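>>> sequence below, structure please.
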Amino acid sequence: SPTMENSDYNNNSFSMKLKNRFSDANSLVVSYNHKSVDSGLYDCFGSTSSLPSSYGNRLQENFNNYAVTWNYNEDKDVPAYIRFFYNEKTIDMGGRDPITYAVLQHAPMYNRVMGIDTQQGWKLSDKHTLVTGSEWHQSNSSNSLSGYEDKKLTNRSMFVQDTWKLADKWTLVPGVRMDSHSAFGTHWSPKVAINYLADADTQVYASWGRVFKAPTADDLYYKAWGTYGNPDLQAETGYTATIGMNHNFNEKTSAGISFFQSRLNDAITWLNIPGILNYVATNLDEEKRQGMELTFKHELSPMWSYDIGYSYIRREATKKANGIAMGVDPSNLQPNGYRIGVHYNSGDWKANLLGTIGSGLDAQYYNNNSSYNVWDFNLSYDIKKNITTYFKVNNLTNQEYFEQKASGGSYYPCAGRFYQVGLTCTF
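Below you'll find the model as predicted:
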């Protein structure tokens, strides 16, 4: 894929994590993460080059995430925790009217999500380990110029699972989750997993579970130029299943393979409505996903190692209500995915070269690009036992690629080449 002279992508971020251990059993973790994004829009109506949008659109996002976690029973077989979090974000997608070119004014969408998560477990016997948990999440959204204020959604959930050691080689993990949503009612989602240790180096596993996912506040209420939420959406339901195997050839070499399949009813997607330059949150009749993943790891020496991976994902969808035959999803960013990692570790020095490659993309959807490759590099040095300095370069080759499409044939590009220098300290 081509490189981009200027991605017009600005990202400022800050993160902090403080942990204090009071005893072998108890610790407190406080974290804060901030991120702000200011991204320009590029026109690419089937052209081979990307030009700044004549509409002057910009995607501006601001995120602040806070969390406090109390960990307890850390000296027991099953640790426990209680976590309070508060996340807030502001998103504004402004620009000009595509016909009159008049500047459109949009009040940013403001969304706040707060909640409490808990988890507790007990080792009942040599054969049974029980884990239970609960969640209370509430979102509050506002966008005054779009006609709504303080739209609230609340979800309460509980889950329980038992890790049951049937025999020396077999482990069964049944579980169930209950969600009670203020807008979408109560749903029960059972799941089951099974593991078989064929020998000390070979593990075979399989899992199956029901899925329930309520629309987010963005899905329901977001409104900006060319992008509209849908308050009439239904919740996603369905199932997902996985089967796989991991094997250690020796102490230095291992590999894994897995296959998965899922089917969702009322899957939510942002659909480009034919005839107009708008994306609208829409329920699909059915979405099918199937694929596989291969991984391979090898240690060349005490200092050098590498890992490679391949994944195949196929997504198909049907939308009968309005006569749109969708077929294979053109927005699939990684029909064929390749991952490469080269790692160096010697004393106080560590370095990693990481590659992410995608091929088989829909060239018409992705601006005449059917593939992309993004390479990242990071280097760190331990100055002292509790002080580490690091240097990172993301998107080494300055590749042009995007994950978020706008209305019509435009898109918001991902970041170009990016440098970061930092210091981490442990007290």
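
>>> and L361, what are its phi and psi?
Main-chain torsions, L361, degrees, to the nearest 10: phi -70, psi 160.

>>> count of neighbours near the nearest residue to it once chain neighbours are set aside?
Once flanking residues are discounted, L361 sits nearest to S370: 5.0 Å by Cβ to Cβ, 6 or more residues apart in numbering. (C-beta placed from N, C-alpha, C; glycine too.) Using other Cβ atoms under 10 Å, S370 has 15 other residues around it.

>>> is it true that S370 touches Q364?
No: contact criterion Cβ atoms under 8 Å: S370 and Q364 do not qualify, at 9.6 Å.

>>> report all helices and strands that the strand or helix carrying Y196 contacts.
Using DSSP states H and E, Y196 sits in strand 185-199. Judged by 3 or more Cβ pairs under 8 Å, 6 or more residues apart in numbering; DSSP states H and E, strand 185-199 is in contact with strand 170-181, strand 202-213.

>>> got JSON lines for those strands, with mean pLDDT too?
Formatted as JSON lines, the helices and strands packed on strand 185-199 follow (pLDDT from 0 to 100):
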{"stretch": "strand 170-181", "mean pLDDT": "97"}
{"stretch": "strand 202-213", "mean pLDDT": "97"}
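
>>> in this protein, which ranges drop under the pLDDT threshold?
The chain contains residues with pLDDT under 70 at 1-9, 40-58, 93-107, 145-146, 224-226, 273-277, 319-327, 367, 403-413.

>>> switch to 50 and redo it
45-51, 54, 98-99, 101 (pLDDT under 50).

>>> pretty sure T242 sits against F259.
Yes: contact criterion Cβ under 8 Å: T242 and F259 qualify, at 7.1 Å.

>>> the strand holding Y196: how far from the chain's middle?
Counting by Cα atoms, centre = their mean, to the nearest Å, strand 185-199 is centred 22 Å from the centre of its parent chain.

>>> the inter-axis angle of that strand versus strand 170-181?
Here the directions of strand 185-199 and strand 170-181 differ by 160 degrees (axes from the mean of the first three to the mean of the last three Cα atoms, to 10 degrees).

>>> now T318: how far from N373?
Distance of T318 to N373, given as Cβ to Cβ, to the nearest Å: 32 Å.

>>> also S180?
Distance, S180 to N373, by Cβ to Cβ: 45 Å.

>>> neighbour count winner among the two?
Neighbour count, other Cβ under 10 Å: between S180 and N373, N373 has more, with 17 against 13.

>>> bridged to the closest residue to that one other than its chain neighbours, which residues?
Nearest residue to N373, sequence neighbours excluded (Cβ to Cβ, 6+ apart): I357, at 4.4 Å. I357 has these beta-bridge partners by DSSP bridges: Y338, N373.

>>> and for I308?
Beta-bridge partners recorded for I308 (DSSP bridges): F296, I340.

>>> over to the one 4 residues further on?
Going by DSSP bridges, Y312 is paired in beta bridges with M292, N336.

>>> quick one, what contacts it?
Shown in contact with Y312 (Cβ atoms under 8 Å, 6 or more residues apart in numbering): 291-293, 335-337.

>>> how many degrees apart are whichever strand or helix holds S141 and strand 170-181 in direction?
Element membership for S141 (DSSP H and E) is strand 128-143. If you take the same axes, to 10 degrees, strand 128-143 sits at 30 degrees to strand 170-181.

>>> next one: phi and psi at D219?
phi -60, psi -40.

>>> so what's the residue count around it?
D219: 20 neighbours (other Cβ under 10 Å).

>>> verify the stated contact: it with V280.
No: using Cβ under 8 Å as the test, D219 is too far from V280 to be in contact (10.4 Å).

>>> now for these two: what residues contact both?
With Cβ under 8 Å, 6+ apart as the test, D219 and V280 both reach N230.

>>> with distance to Y228 added, can I get the helices and strands packed on strand 185-199 in CSV?
CSV is the format used below for these (distance: least, Cβ to Cβ, whole Å):
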stretch, distance to Y228
strand 170-181, 22
strand 202-213, 20
